[in-house]
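> below is the structure, and that's it, no one-letter string:
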């Protein structure tokens with residue numbers, strides 16, 4: 001019997017056997033604190049953060065190496081020129097319908113319909129495969145958090161891919 005349950009064990013075994021022999025999940029003793037939104041959705045500024053490997057054509061693709069890529073891509077919320085690079089899934093379907101993994105078009109529609117107050121000026125994408133989490137936890141994620149605070153974001157939609 002494995003250390004984990006369900007899909008977590010399947011993913012763990014796959015990564016250790018085929019990609020990264022010393023891989024282990026990063027775990028935390030306590031869940032993150034819960035924060036309820038301070039504003040109703042129709043008044044809130046919302047940002048998108050996803051692990052879909054989305055980027056602009058002018059930005060570098062996410063690295064496909066054994067240790068993953070903890071860097072992020074900052075994307076203007078108005079951009080319609082998305083590309084995807086990700087080691088963990090076939091990106092052709094995401095390119096055909098970005099809403100599946102990077103629902104930026106959906107969030108723009110919701111803002112236009114008044115269902116959300118507004119979309120933050122920039123959204124952020126990571127690649128979900130990051131087995132060495134130290135650079136993510138100590139560098140990339142805090143940098144994105146600072147940008148979200150500077151943009152006065154009320155709520156972040158986190159979409160794991």
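Now that the structure is in, tell me what you want to look at. Values in this document were obtained by computation on a predicted structure and should not be read as measured data. Numbering: from 1, shown residues only.
> residues in contact with the residue minimising distance to the centre of the chain?
Nearest to the mean C-alpha position of the chain, counting by C-alpha atoms, centre = their mean, stands residue 50 at 2.1 Å. Shown in contact with residue 50 (C-beta atoms under 8 Å, 6 or more residues apart in numbering): 101, 102, 103, 123, 124, 125, 126, 158, 159, 160, 161. Quick note: C-beta positions are derived from backbone N, CA and C, even for glycine.
> ok, and the closest non-adjacent residue to it?
Excluding its sequence neighbours, the residue lying closest to residue 50 (C-beta to C-beta, 6 or more residues apart in numbering) is residue 159, at 4.0 Å.
> got phi/psi on the one you found?
Dihedral pair for residue 159: phi -120, psi 110, per degrees, to the nearest 10.
> all helices of this protein, in order?
With DSSP state H, the ranges of helices along the chain come out as 6-18, 92-96, 104-112, 134-135, 141-150.
> deepest in the core, which of the ones you listed is it.
Compared across the helices of the chain, helix 104-112 shows the largest average neighbour count, a mean of 16 (mean count of other C-beta atoms under 10 Å).
> that one packs against which elements?
Packing partners of helix 104-112 (3 or more C-beta pairs under 8 Å, 6 or more residues apart in numbering; DSSP states H and E): strand 45-50, strand 118-119.
> centre of the chain versus the last one, how much separation?
Yep, that's strand 118-119 we're talking about. Here strand 118-119 is found 18 Å from its chain centre; the criterion is C-alpha atoms, centre = their mean, to the nearest Å.
> how about stretch 117-135?
Counting by C-alpha atoms, centre = their mean, stretch 117-135 comes out at 4 Å from the chain centroid.
> can you list the buried residues in it?
Residues of stretch 117-135 classed as buried by neighbour count (16 or more other C-beta atoms under 10 Å): 117-120, 122-131.
> ok, now stretch 83-101?
For stretch 83-101, the neighbour count (16+ other C-beta under 10 Å) marks 83, 84, 85, 86, 87, 88, 91, 94, 98, 101 as buried.
> if I pick the second one, what's in contact with it?
Listed by C-beta under 8 Å, 6+ apart, the contact partners of residue 84 are 52, 53, 54, 55, 91, 94, 95, 98, 101, 102.
> residues contacting the closest residue to it other than its chain neighbours?
Distance criterion C-beta to C-beta, 6+ apart; nearest residue to residue 84, sequence neighbours excluded, is residue 91 at 3.7 Å. Residue 91 is in contact with 53, 84, 85, counting by C-beta under 8 Å, 6+ apart.
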